[in-house]
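>>> Predicted model, plus sequence, below.
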Amino acid sequence: MLVECKAPSVTVNEKTVQQATAYNIVLKAKYILLTNGKTTILLRNTSKGYVQQKTIPAIK
C-alpha cells in the first residue's frame, strides 16, 4: 500500500491522485491511500486501472 499524506491545506483532487499514481508506476502497490486529514481517497490498482474503494481492506 502506498500512503501519501498531504498537509491539511493541500486539496486532495485529481492532481494529487495523478501524482500518487505516477509514483506507483515504479512501486506497483495494490492500493494507494491519499489523505490530507480531512479528505481521504483509497484506490485499488487493477489490470483495468484504478478503482476507488469505500473501505480499507483487512490485512491478512
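Received, thanks.
>>> From here on, just use CA atoms for contacts and neighbour counts.
OK.
>>> where exactly do the strands run in the protein?
2-5, 31-35, 40-46, 49-53 (DSSP state E).
>>> and the shortest one, how far out from the chain's middle?
Here the centre of mass of C-alpha atoms in strand 2-5, compared against the chain's by Cα atoms, centre = their mean, to the nearest Å, lies 7 Å away.
>>> in its sheet, what does that strand sit against?
Partners of strand 2-5 in the sheet, by DSSP bridges, are strand 31-35 (parallel).
>>> if you compare the strands of the chain, which one is most tucked away?
strand 31-35 (a mean of 21; mean count of other Cα atoms under 10 Å).
>>> How about residues contacting it?
1-6, 12, 16-17, 20-21, 40-45 (Cα atoms under 8 Å, 6 or more residues apart in numbering).
>>> Just list whatever residues bridge to Tyr50.
Going by DSSP bridges, Tyr50 forms beta bridges with Asn45.
>>> Let me know the pLDDT of it.
If you check Tyr50, the pLDDT there is 97.
>>> roughly how far apart are it and Leu34?
Taking Cα to Cα, to the nearest Å as the measure, Tyr50 falls 13 Å from Leu34.
>>> ok, now which ones touch Leu27?
So Leu27 contacts nothing (Cα under 8 Å, 6+ apart).
>>> repeat that with 10 Å
Applying Cα atoms under 10 Å, 6 or more residues apart in numbering, we find Leu27 in contact with Met1, Leu2, Thr21.
>>> got it, and Leu2?
Leu2 touches 20-21, 23-24, 27-34, 42-43, counting by Cα under 10 Å, 6+ apart.
>>> Using a markdown table, lay out these together with pLDDT.
A markdown table is the format used below for these (pLDDT from 0 to 100):
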| residue | pLDDT |
| --- | --- |
| Ala20 | 95 |
| Thr21 | 95 |
| Tyr23 | 94 |
| Asn24 | 96 |
| Leu27 | 95 |
| Lys28 | 95 |
| Ala29 | 96 |
| Lys30 | 95 |
| Tyr31 | 95 |
| Ile32 | 97 |
| Leu33 | 96 |
| Leu34 | 97 |
| Leu42 | 97 |
| Leu43 | 97 |
